[in-house]
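In: model this:
(4 chains)
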2 protein chains.
Amino acid sequence: MPLDLIDSTPAPASPGPGQPGRPGRRRDHSRDPEILDAAIEVLAEEGYDGMTMEMVAARAKAGKATLYRRWPSKGELVVDAVACMKSRDLDVDNLPDTGTLRGDLVAMIKPRTLEEADRKMQVMAGLMSVLSRSPELVDAINSAIVAPRAEVNRRLLERAIARGEISAEVDIATIALVAPSMTAYRLLVTQRPVDREYLLSIIDGVVLPAVGLSAPRA
Amino acid sequence: MPLDLIDSTPAPASPGPGQPGRPGRRRDHSRDPEILDAAIEVLAEEGYDGMTMEMVAARAKAGKATLYRRWPSKGELVVDAVACMKSRDLDVDNLPDTGTLRGDLVAMIKPRTLEEADRKMQVMAGLMSVLSRSPELVDAINSAIVAPRAEVNRRLLERAIARGEISAEVDIATIALVAPSMTAYRLLVTQRPVDREYLLSIIDGVVLPAVGLSAPRA
DNA sequence: GGTATCCGAAACTGACGAGTTCCGTATATA
DNA sequence: TATATACGGAACTCGTCAGTTTCGGATACC
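Out: This next block holds a predicted model:
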């Protein structure tokens, strides 16, 4: 394995879109998203080492040369693809408010969301063994996958405190990690499905009791 | 990637230690443990795809040919190595009893245990991207790494119920997964250390509140 | 001591994949 | 319509690694 995910050279004074020396310099970046999406798909299915540039090119109906015209290496393509994976999902500043913490948490369980989380975790799994050698990949994954999940829960918990539903003494930071951690573990480690039932057992069996609430008609 | 981790042929009617046709058939399996240990080490450091048979052989001070004399393929060596990784650690039927759930949980935090869990998680990470293609690897990992961790917590929780310290209504199965899930997430996904402090925040911030107990002088 | 067997080391084979080069074509500008 | 550019596709180089073969040396058994 050529384990330098990223070439250490700090970018050759980026030429930019309009190059001086020549008049007609047009670079068509319109197909970049297709390529990045293809990379994510292959990554989720095959993992970093299993993914080949040929697979990505084929999936994006592009030539391998085109990939190398845009990204200097497989590693950089992957980092870019992960960084561009930020979800079309719910945004953190505009979460629906059901009036109760349990309602808010349960409202997060939607097929669309589950499916997207699933995909992200597959990508995660495929990159796992490479993470320890690539700080930039760790960063990309953190801001695209890891951070958003905990942030949502943190907001919901803060709101519950604000409305007086739960005590301000609870360890929000840690509790916000419970669901993300347990779903990731379920999916990655034990290889079992994260379905509505499992999520409800986390909410009603762990999170709510931990903040001093109880599930409805237990 | 040659993604047939295991050759599908079901073992050719295992010759066994004493072969009939020939008189002097001796197979020295005394160095198998060294080789398996070496495999685990390399696996933890490089991941499945990064691990080469040459690395394992060198680490075990053995010849590559010797490896292939004992295991038919890299995949089978890895499955075997993982299966033989069951810890020298505390056994599940003989857990120290401190008299309180918190005491029991905190007593599990020992450098020795942390370190071993760490190693296991590194191996886990290295195998992650391969898991989806190898059911036998999933099984091996489950019984060597995953199951024991939750089992310990389940026992401690049952004991707490038995002594009347916590209610029998709590969702033991799910709560027993909290610590394993959160430590795995911390280590694998967020790449931060699982130290005493983090473990205490799980115990005092999530587990104890979830079962209706509270941390000492919060 | 003779013999059979297993050992570690090293050379070898074959496949595969990253990255490069080349070529015929499509397209946008002029 | 002429020209330049980037395109997809295919052929190429080159390193690496799984798995095999070969060999000289050590060791247990007779």
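
In: only C-alpha atoms for contact and neighbour calcs from this point on.
Out: OK.

In: What ranges does chain A have for its helices?
Out: Counting by DSSP state H, chain A has these helices, from start to end: A:32-50, A:53-59, A:64-70, A:74-83, A:101-107, A:111-131, A:135-141, A:147-162, A:172-175, A:178-184, A:196-202, A:208-210.

In: Show me what the shortest one is packed up against.
Out: On a contact count with 3 or more Cα pairs under 8 Å, 6 or more residues apart in numbering or on different chains; DSSP states H and E, helix A:208-210 meets helix B:208-210.

In: next one: the helix it packs on to chain centre, how far?
Out: Using Cα atoms, centre = their mean, to the nearest Å, the distance from the centre of helix B:208-210 to the centre of the chain it belongs to is 27 Å.

In: for stretch A:46-57, same thing?
Out: For stretch A:46-57, the distance between its averaged C-alpha position and the chain's averaged C-alpha position is 19 Å (Cα atoms, centre = their mean).

In: I would like the residues contacting that stretch, please.
Out: By Cα atoms under 8 Å, 6 or more residues apart in numbering or on different chains, the surrounding residues in contact with stretch A:46-57 are A:35, A:38-39, A:42-43, A:63-64, A:67, A:74, A:123, A:125-127, A:130, B:1, B:49, B:129-130.

In: If we go by neighbour counts, what in it is buried?
Out: Applying a neighbour-count criterion of 16 or more other Cα atoms under 10 Å in any protein chain shown, one finds A:Glu46, A:Gly47, A:Tyr48, A:Asp49, A:Gly50, A:Met51, A:Thr52, A:Met53, A:Met55, A:Val56, A:Ala57 buried in stretch A:46-57.

In: what about it and DNA strand C, any contact?
Out: Yes - legend: contact between stretch A:46-57 and DNA strand C by Cα under 7 Å from any atom of the strand is shown at A:Asp49, A:Gly50, A:Met51, A:Thr52, A:Met53, A:Glu54.

In: can you list those residues in a markdown table and add pLDDT and distance to B:Arg155?
Out: Putting these into a markdown table (pLDDT from 0 to 100; distance: Cα to Cα, whole Å) gives the following:
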| residue | pLDDT | distance to B:Arg155 |
| --- | --- | --- |
| A:Asp49 | 98 | 39 |
| A:Gly50 | 97 | 40 |
| A:Met51 | 98 | 42 |
| A:Thr52 | 98 | 46 |
| A:Met53 | 98 | 49 |
| A:Glu54 | 98 | 50 |
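
In: From these, pick the one nearest A:Ala107.
Out: Nearest to A:Ala107 among the residues of stretch A:46-57 next to DNA strand C: A:Met51, at 35.6 Å, using Cα to Cα.

In: Cross-check the buried residues of stretch A:46-57 against DNA strand D and keep the overlap.
Out: Intersecting these with the contacts of DNA strand D gives A:Ala57 (criterion: Cα under 7 Å from any atom of the strand).

In: B:Leu199 versus the residue sitting nearest the centre point of chain A, what's the distance?
Out: For chain A, the residue whose C-alpha lies nearest the mean C-alpha position (Cα atoms, centre = their mean) is A:Ile145; its distance is 2.3 Å. According to Cα to Cα, to the nearest Å, A:Ile145 stands 23 Å off from B:Leu199.

In: tell me the domain ranges of chain A?
Out: According to automatic domain parsing, chain A comprises the domains A:32-83, A:101-210.

In: Could you check how far the spatially closest residue to A:Gly205 that is not a sequence neighbour is from B:Thr100?
Out: The shortest distance from A:Gly205 to any residue that is not its chain neighbour, by Cα to Cα, 6 or more residues apart in numbering or on different chains, is 5.4 Å, and that residue is B:Asp171. In this structure, B:Asp171 lies at 18 Å from B:Thr100, with Cα to Cα as the measure.

In: More neighbours: the two, which one.
Out: B:Asp171 (18 against 14; other Cα atoms under 10 Å in any protein chain shown).

In: Can you give me the distance of the more buried one to DNA strand D?
Out: In this structure, B:Asp171 and DNA strand D are separated by 44 Å, where distance is defined by Cα to the nearest atom of the strand, to the nearest Å.

In: One more: A:Arg133?
Out: Relative to DNA strand D, A:Arg133 is positioned 15 Å away (criterion: Cα to the nearest atom of the strand).

In: ditto for A:Pro209
Out: A:Pro209 sits 48 Å away from DNA strand D when distances are taken as Cα to the nearest atom of the strand.
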